[in-house]
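>>> turn this into a model:
(one chain, ligands or ions: 1)
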Amino acid sequence: MVVESVPHLAAKADQRQLETITLGIWKVSSLKSTPFNIRKQFSDLGSAFPYFFRLAVEVYTLEPVLAIMFVLNKLWKGVEGALLLYFSSRILRIIEIGLVQGAPDMVAILNALTARISCVVLAAILQWASEQVIPTLKTRVTTHFELYLMQAELRIDVPTSQKPRSKFKASSYNAWTSFEGIVEFVTQVMKAFSQFTLILQASNSTGSSLFTALCVMKPVFLALSRRSLWDIPHIVYTDNEHRKRMKALNFMTSPGYRSEILAGDLIGYIINEYRKAAALLGGLSDDWAPNQYMNRKSPMWHVVTDLMGDLPMVYCAIVSILHPEELSLSSIAILQQSSQTLEWTLQVLSMNVNSFRKQYQEIKNVYDSAKTSTKLQDGNVSYPRTSKDKYKGMSFELRDVSFTYPGSQNTKPTLFNINLSIESGQLVVIVGANGSGKSTVLKLLSRFYDPSSAPDSILVDGLPISRYRMQDLRRATATLTQDHSLFPLSLGENIGLGYAERAWDAGMVDRAAETGGATHCLRKLQKGKNTKLDMGNEAYGHNVPDEPTHPLQVELEKLQKNISLSGGETQRVVAARTFMRLESGTVNFVAVDEPSSALDPEGEAALFRNLIRVRQGKTMIFVTHRFGHLTKHADLVVCMKDGTIAEAGTHVELISRDGEYAKLYNIQASAFFKSGST
Ligand SMILES: Nc1ncnc2c1ncn2[C@@H]1O[C@H](COP(=O)(O)OP(=O)(O)OP(=O)(O)O)[C@@H](O)[C@H]1O
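Next up is the predicted model:
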């Protein structure tokens, strides 16, 4: 384990230092160690309480009867062990007395036996009842929290979603494990307490409570000397290049790379490179860092703890030598059995304290996910501001707009000093080289991001874009980009969601499919627009023989079959969704970003024709590389270069200027010139 100290780079004001240790391939960074602070430990537990309390109340409110049954069963488990032990020791003692006196007390034995058997039967019934309850309760809890997390996730805006999250992603399953964890913790506390009381009583019968102290010595030592990363805020990462390469090579086996691997005959290369990287990794362990952290350098700690476990036995041996009259065989057996049970319970409790922290962190993540502050502030002005504005397109004014993507590694800003005026109802085409910032302009106008320049550097209908209610702006905007993807729903729903309030209006969906050019590809499918795009069917096979004709294999293939559309078909369905949105009658701005890259020439021409046909009352901005059809009809052509506007004007003006636009236009046009001409 190598320890190195580095200044805490993240926050200038925070002078605390980070300490980084190396565990196999992992690096673990935490704040430089601070002395153990018992007060802090308690205050940590104090801060956990409101979260657990809220969770318990929520689970109870969801399913009061099931929650009570679940808790009662667990609490019973807390005392069950001690009760059974108590009855066993009574039976043993009565039998021993009977053996010594030569006349066993049958009634007493039968009474103790009946009590113990009743306990066992009750425990079994409660266990059965709990097994009936758990699946339903667990599903209710995880569904409830899945919805909670979905709501939290869906309200996050684009810049926030791209920020690296400092926390592990919360999962609804964590809510259940945390609930189970707290109940288990309380159970273990009750178990330890009841067993401790029992053992104290038993050891007092030997004349001293020293035995009890010896029994708890090992678990207490274990609890105090444990090494756990869960107690410390930390990050785990690896910068081992060989490990990273192994991961990358392994990832290349995923289905997405299959055709390229086969076409490039890369199998031998991948295997060889993996072997080389594994050899270079040497003997470094990739066991998960928290596990490696628990390992000790010398065997001393193990020797000491194991010897401590034998102290109760040593005690019995010494007492039997010094005071043989104080011990009987049954009391030795009882002491021995109860000491082992207590030791085990305390060890489990100590492990539970560890998981308690983990569960606290997990449930905190779940609840705190709703508190994630979004980067974009909502405005309070309605859009459109007047009923007159409803029927005209949005106007835009960009004044010295600059923008850099959060976390961008580019040396120059993505957009720099953009000045542009787009009047209401105009058809604008933005052209330019790859990476010149065309799509970024659309993203700013659709308010997916805020500019890095002044908040009022982008005006919509004369007011800063940030002053408007975001929901109103979204309702007034239709976007169509090549990045849009299909949702794992039916194709009809995929189209209908352009206008969610009317998603089930079959006539409207069919009309949108027709205008988007998707009718033909829907007709090809057996279930037409009812065809579902699954995100991966929940059908799993276990130990299914790899024989193509095996009935299980055949059934599994049927269950796992997913449909996939071609790139062009996907773009047509996405375009249909945009036309559905236009049906809502609320759209004043249409932002179209290279939506036809996978379309055939006929499909592309039809798409642009249909979009232009509905441009009345809307401002339309197109970003495209294939601008032949469009720029001639455009009111404004904007040609971008390296994050700035190189030139802007009509097609005729820009051609006569013979600048950047004319150059790009001529390159495209030359493909259609007769050979020999220019
Ligand atoms: N989310 C992002 N984070 C960081 N940088 C980004 C992000 N999106 C785009 N960029 C960078 O911003 C620059 C402009 O990108 P943009 O997509 O606006 O260019 P474009 O002109 O539309 O390019 P293309 O013609 O290739 O679609 C590029 O250098 C790109 O790498």
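>>> alpha carbons only for contacts and neighbour counts from here, please
OK.
>>> and the pLDDT at residue 564?
Note for residue 564: predicted pLDDT of 77.
>>> that one and residue 529: what is the separation?
14 Å (Cα to Cα, to the nearest Å).
>>> likewise residue 410?
The value you get for residue 410 to residue 529, if Cα to Cα is used, is 43 Å.
>>> tell me which of these two has more neighbours.
Set side by side, residue 410 and residue 529 show more neighbours around residue 529, with 23 against 9, by other Cα atoms under 10 Å.
>>> my guess is that one contacts residue 492, does it?
Yes - applying Cα atoms under 8 Å as the test, residue 529 and residue 492 come out as touching, 4.5 Å apart.
>>> burial count for whichever residue of the stretch 251-400 of the chain sits closest to the ligand?
Of all residues in the stretch 251-400 of the chain, the one sitting closest to the ligand is residue 375 (14.6 Å; Cα to the nearest ligand atom). Neighbours of residue 375 under the rule other Cα under 10 Å: 15.
>>> again with residue 175
28.
>>> find the nearest non-adjacent residue to it, please.
residue 363 (5.7 Å; Cα to Cα, 6 or more residues apart in numbering).
>>> am I right that that neighbour sits in a strand?
No - Residue 363: not assigned to a strand; according to DSSP: H, G, I helix; E, B strand; the rest coil it is helix.
>>> oh, and call the first residue 42 from now on, that's how I've got it
Got it, first residue is 42 now, which makes that one residue 404.
>>> ok, it touching residue 217?
No - between residue 404 and residue 217 there is no contact under Cα under 8 Å: 9.1 Å.
>>> the two: who's more crowded?
Per other Cα under 10 Å, whichever of residue 404 and residue 217 has more neighbours is residue 404, with 27 against 21.
>>> quick one: the more buried one from residue 177, how far?
Applying Cα to Cα, the value for residue 404 to residue 177 is 20 Å.
>>> what does residue 321 give?
50 Å.
>>> kindly report the same for residue 235.
From residue 235 to residue 177 the distance is 31 Å (Cα to Cα).
>>> those two: who's more crowded?
More crowded of residue 235 and residue 177, by other Cα under 10 Å: residue 235, with 19 against 12.
>>> give me the neighbour count for whichever residue of the stretch 192-341 of the chain sits closest to the ligand.
Per Cα to the nearest ligand atom, the residue of the stretch 192-341 of the chain with the smallest distance to the ligand is residue 203, at 7.5 Å. Residue 203 is flanked by 12 other residues according to other Cα under 10 Å.
>>> give the next helix or strand downstream of the longest helix anywhere in the chain.
Longest helix in the chain, counting residues (DSSP state H): helix 147-195. Scanning forward in sequence from helix 147-195 by DSSP states H and E, the next helix or strand is helix 199-203.
>>> tell me the buried residues in that next one?
Neighbour-count burial for helix 199-203 flags 200-201 (criterion: 16 or more other Cα atoms under 10 Å).
>>> tell me which residues of the helix or strand that that helix is followed by are tucked away?
Next along the chain after helix 199-203, taking DSSP H and E as the criterion, comes helix 213-245. For helix 213-245, burial by neighbour count (16+ other Cα under 10 Å) applies to 213-237, 239-241, 243-244.
>>> ok, stretch 321-330 next?
In stretch 321-330, counting by 16+ other Cα under 10 Å, buried: 322, 330.
>>> likewise stretch 156-166?
Result for stretch 156-166 [16+ other Cα under 10 Å]: buried residues 157, 160, 164.
>>> contact partners for the residue lying closest to the second one once chain neighbours are set aside?
For residue 160, the nearest residue in space outside its immediate sequence neighbours is residue 125; the separation is 7.2 Å by Cα to Cα, 6+ apart. Residue 125 makes contact with 157, 160-161 under the criterion Cα atoms under 8 Å, 6 or more residues apart in numbering.
>>> just the closest of the residues you listed to the ligand, please.
The closest of the contacts of residue 125, once distances to the ligand are taken by Cα to the nearest ligand atom, is residue 161, at 62.4 Å.
>>> tell me how far the closest one lies from residue 116.
For residue 161, the distance to residue 116 - Cα to Cα - is 15 Å.
>>> next one: residue 255
Residue 255 is 27 Å from residue 116, by Cα to Cα.
>>> what lies in contact with stretch 639-651?
Applying Cα under 8 Å, 6+ apart, the contact partners of stretch 639-651 are 556-558, 608-610, 612-613, 616, 637, 670-671.
>>> could you list the low-pLDDT ranges of the stretch 542-691 of the chain?
Scanning the stretch 542-691 of the chain for pLDDT under 70 picks out the ranges 576-578.
>>> what segments of it are strands?
Using DSSP state E, counting those that start in this stretch, the strands of the stretch 542-691 of the chain run over 630-634, 660-664, 677-682, 685-690.
>>> adjacent strands (with direction) for the third one?
Looking at strand 677-682 with DSSP bridges, its partner strands are strand 468-473 (parallel), strand 685-690 (antiparallel).
>>> got the CA coordinates for it in PDB?
Extracted C-alpha coordinates of strand 677-682, given in PDB (Å, rounded to 0.1, in the frame of the first residue of the first chain):
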ATOM      1  CA  LEU A 677     -31.100  34.300 -44.500                       C
ATOM      2  CA  VAL A 678     -28.100  32.000 -45.000                       C
ATOM      3  CA  VAL A 679     -25.600  32.000 -42.100                       C
ATOM      4  CA  CYS A 680     -22.200  30.600 -42.900                       C
ATOM      5  CA  MET A 681     -20.100  29.600 -39.800                       C
ATOM      6  CA  LYS A 682     -16.500  29.000 -39.400                       C
END
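>>> which residues in the stretch 242-391 of the chain form strands?
275-278.
>>> from residue 695, how far off is the nearest residue to residue 239 once chain neighbours are set aside?
Closest residue to residue 239 apart from its sequence neighbours, by Cα to Cα, 6+ apart: residue 123 at 6.9 Å. Between residue 123 and residue 695 the computed distance is 91 Å (Cα to Cα).
>>> for the two, indicate the residue with more neighbours.
Using other Cα under 10 Å as the criterion, residue 123 and residue 695 rank with residue 123 on top: 24 against 21.
>>> doesn't residue 240 make contact with that one?
No - Residue 123 is beyond contact range of residue 240, at 9.3 Å (criterion: Cα under 8 Å).
>>> and the closest residue to residue 683 other than its chain neighbours, how many neighbours does it have?
Spatial nearest neighbour of residue 683, excluding adjacent residues (Cα to Cα, 6+ apart): residue 477 at 4.5 Å. By other Cα under 10 Å, 19 other residues sit near residue 477.
>>> does residue 477 belong to a helix, a strand or coil?
coil.
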